[in-house]
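A.B. asks: Got a predicted structure plus its sequence, pasted below:
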Amino acid sequence: MKRTLMTAAAACALTFGMAGCASLGMAGEATAPASVDEAAVAAAGAVDAAAVPTTADATAFVADAETRLAALSEEAARIQWTRATNITHDTMWLESRINAEYTELQVELANGAARFNDVEVPADVRRKLNLLRLGIVLPAPNRPGAAAELAEITTRLDSTYSVGKFEYQGRQITLDEASQLLAETRDPAEAKALYEGWRTISPVMAPDYARMVEIANEGAAELGFADTGAMWRAGYDMEPDAFAAETDRLWAQVKPFYENLHCYVRGRLNARYGDAVQPDHGPIRADLLGNMWSQQWGNIYDVVAPATGGASSYDLTERLVANDYDARKMVETGEGFYVSMGLPELPQTFWERSQIVRPRDREVVCHASAWDLDNLEDIRIKMCTEVNAEDFYTVHHELGHNYYQRAYRNQPFLFKNGANDGFHEAIGDFVGLSALTPTYLNQIGLLDAVPGEAEDIPFLLKMALDKIAFLPFGLMVDRWRWGVFNGETSPAEYNDAWSANMLKYQGLVPPGPRPADAFDAGAKYHIPGNTPYTRYFLAHIYQFQFHKAACEQAGWTGPLHRCSVYGNEEVGARFNAMMEMGQSRPWPEAMEAFTGQRENDASAVADYFAPLNAWLTVQNRGKDCGWEA
């Protein structure tokens, strides 16, 4: 997950491009109000408000804006890193102040950019003017105190989540501990207690969240958007409504496969726990899926493993432990993948300055993220790495952000970002698809031999439990937020709407009735951390699109799920050429540069999982698949 320097949210509000050091705002058509403070505009390098703006004025304004943003972004990033890796009253105070200052600058420049809406300018200048309007995750209104209040709220929300603990069996436990226990337990009562226990940390966030929405919507309106959600959707080189329709189209491509997987997993859970715990029809009880948000189901593979169709001969976590991996070796292995494709080694400062394991002496944000602190070479990751299969994948993913950041470092400041935020997430996920293959594990010595076709179904099922199970969750988080931002969901309806989205998209229900004050959305980091989430849905489409194109470039003729591009420098060169473009061109051009396609296309997902989908269809014969929303 990538770290953004273009955000007013607390430390881990990722790229908006708006996924990290910026992942997405593009050429949206919404316009900002023309009225701006004359002194602020003058300070930003624009002409006097009474004069008629010219092409030269617009070019000078953009140049000055980039200089000011670049300087302040480094200061903000270093303060945000300090707070994320050492949460105290003082570091929270420092971050609130710098976030407020950065937000005020972004709002000033966004309003100033609107002055040139009707001025004829070169294409790159027009793109930068549009990015200035779209590069704010949470825009504060242009009035005294608004940015400071918004910054205080977002920092408080992020920190409340990050230090959250709840009592379990007589002691206070963290999210890390609770997640591990939930992954391992096969006791429904224990799963329910862990699932509900973590959600006791979030009700206190609800008033702050509601106030934050009010402020951000006021700011979005000043920039010419209907609400903050509409502003987010405007960052994809298409109209906001068209983008929403595009995500619906992509979901329709993959939904039948998800329903097939849901039906199979529900049947296996019913066989394990019985009708009283999990009926063989309707939705699935969310806490039984081994993940605190039921967004990935791979932790319960032992429960749903094929009774027929082959067995897996290895456990990646066990192989890592047996080969004496520690946290640093995990990261070095991830770096080795990118280097094998012809990309440079990480700088020495990466190893000196990254947080690779959880410190024992202070509170930190353990949520994995990748950082670019100086827009040049000071790239880092922040993880509390464990030696297991999940973090092996996560390391490859996070380093993808760092290699993307490094690739576009020579772009102008406003183009130092992913083609869109989905790209920024998909870069590492694309590498991760190769990194999880038995082919790659054999290439780096973790497996002595590549298993035969008999293990394809177990392998694909494991992948689907994480990749396919995630897709509806990747949609529902922002669908909930869009409803909150546009007023369809009031604060009193926050939790009911969250549960309704779980049912509609995922076919899941909580393990029991939720309290009247529940704020379950706040128990997912990206809500209090104010990280737009549709990027992850897009990334789960893009990564397969990238993977298929890369395997074709490599001349791979076998099953797509067995392809590894480890060591292929030709693929690496084309991959890096796409990354070097940053956000300088509309995302379809970046997509075409690597894949030869200009459209989003989920057909590669179907190609990758085709053998599993056929197998699931056989397993589900005679079952009452689906659920009622």
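C.D. replies: Structure received.
A.B. asks: Can you name the next helix or strand after the longest helix seen in the chain?
C.D. replies: For the chain, the longest helix by residue count, based on DSSP state H, is helix 240-273. Next helix or strand after helix 240-273 toward the C-terminus (DSSP states H and E): strand 284-285.
A.B. asks: what's in contact with that next one?
C.D. replies: Applying CB atoms under 8 Å, 6 or more residues apart in numbering, the set of residues contacting strand 284-285 from outside is 188, 262, 265-266, 269, 277-278, 294, 507-511. C-beta coordinates here come from the backbone N, C-alpha and C atoms, glycine included.
A.B. asks: returning to that earlier point: how distant is the longest helix of the chain from the center of its chain?
C.D. replies: Mean-position distance between helix 240-273 and its chain equals 19 Å (CA atoms, centre = their mean, to the nearest Å).
A.B. asks: on contacts alone, who are the packing partners of that helix?
C.D. replies: For helix 240-273, the packing partners by 3 or more CB pairs under 8 Å, 6 or more residues apart in numbering; DSSP states H and E come out as helix 228-233, strand 284-285, helix 301-304, helix 456-485, helix 534-553, helix 603-619.
A.B. asks: ok, for the residue nearest in space to the middle of the chain, nearest residue in space, not its chain neighbours?
C.D. replies: Geometric centre of the chain, nearest residue: Tyr536, 4.5 Å, by CA atoms, centre = their mean. For Tyr536, ignoring the flanking residues on the chain, the nearest one in space by CB to CB, 6 or more residues apart in numbering is Gly474 at 4.6 Å.
A.B. asks: Neighbours of the one you found, how many?
C.D. replies: 24 (other CB atoms under 10 Å).
A.B. asks: That one is in contact with His526, isn't it?
C.D. replies: No. If you go by CB atoms under 8 Å, Gly474 and His526 don't touch, sitting 10.6 Å apart.
A.B. asks: Report the set of residues contacting both of the two.
C.D. replies: Residues touching both Gly474 and His526 by CB under 8 Å, 6+ apart: Tyr533.
A.B. asks: Going by secondary structure, Ala189 is in what exactly?
C.D. replies: Element membership for Ala189 (DSSP H and E) is helix 188-198.
A.B. asks: From the contact counts, what lies against that helix?
C.D. replies: strand 165-168, helix 175-184.
A.B. asks: what's the neighbour count on the residue nearest to Asp448 when sequence neighbours are not counted?
C.D. replies: Nearest non-adjacent residue to Asp448, counting by CB to CB, 6+ apart: Asn442, 7.4 Å away. Per other CB under 10 Å, the neighbour tally for Asn442 reads 15.
A.B. asks: Isn't Asn442 up against Tyr566?
C.D. replies: No. Counting by CB under 8 Å, Asn442 does not reach Tyr566; the two are 10.1 Å apart.
A.B. asks: what residues are shared contacts of those two?
C.D. replies: If you check Asn442 and Tyr566 against CB under 8 Å, 6+ apart, no residue is contacted by both.
A.B. asks: contacting residues for the residue nearest to Asp448?
C.D. replies: Counted by CB under 8 Å, 6+ apart, Asn442 has contacts 448-450.
A.B. asks: Can you tell me which of the residues you listed lies closest to Thr55?
C.D. replies: Among the contacts of Asn442, Val450 lies closest to Thr55 (CB to CB), at 59.4 Å.
A.B. asks: quick check, that closest one in a helix?
C.D. replies: No. Under the criterion used here (DSSP: H, G, I helix; E, B strand; the rest coil), Val450 is coil, not part of a helix.
A.B. asks: burial of it, as a residue count?
C.D. replies: Neighbours of Val450 (other CB under 10 Å): 15.
A.B. asks: before we move on, what about Gly145?
C.D. replies: 10.
A.B. asks: List the buried residues in the longest helix of the chain.
C.D. replies: 240, 243-244, 246-247, 250-251, 253-255, 257-270, 272-273 (16 or more other CB atoms under 10 Å).
A.B. asks: Isn't the residue nearest to the centre of the chain up against Glu425?
C.D. replies: Yes. At 5.7 Å, Tyr536 and Glu425 qualify as touching, with contact defined as CB under 8 Å.
A.B. asks: thinking again about what came up before, out of the contacts of Asn442, which is nearest to Asp624?
C.D. replies: Taking CB to CB as the measure, Val450 is the one of the contacts of Asn442 closest to Asp624, at 38.6 Å.
A.B. asks: which outside residues touch stretch 338-351?
C.D. replies: 335, 377-381, 399-400, 402-403, 406, 431, 565-569, 571-573, 575-576.
A.B. asks: Quick one: buried ones out of those?
C.D. replies: 335, 378-381, 399-400, 402-403, 406, 431, 565-568, 571-572, 575-576.
A.B. asks: Quick one: mark the members of those that sit in helices.
C.D. replies: 335, 399-400, 402-403, 406, 431, 571-572, 575-576.
A.B. asks: Quick one: distance of stretch 363-380 to the chain centre.
C.D. replies: With CA atoms, centre = their mean as the basis, stretch 363-380 stands 15 Å off its chain's centre.
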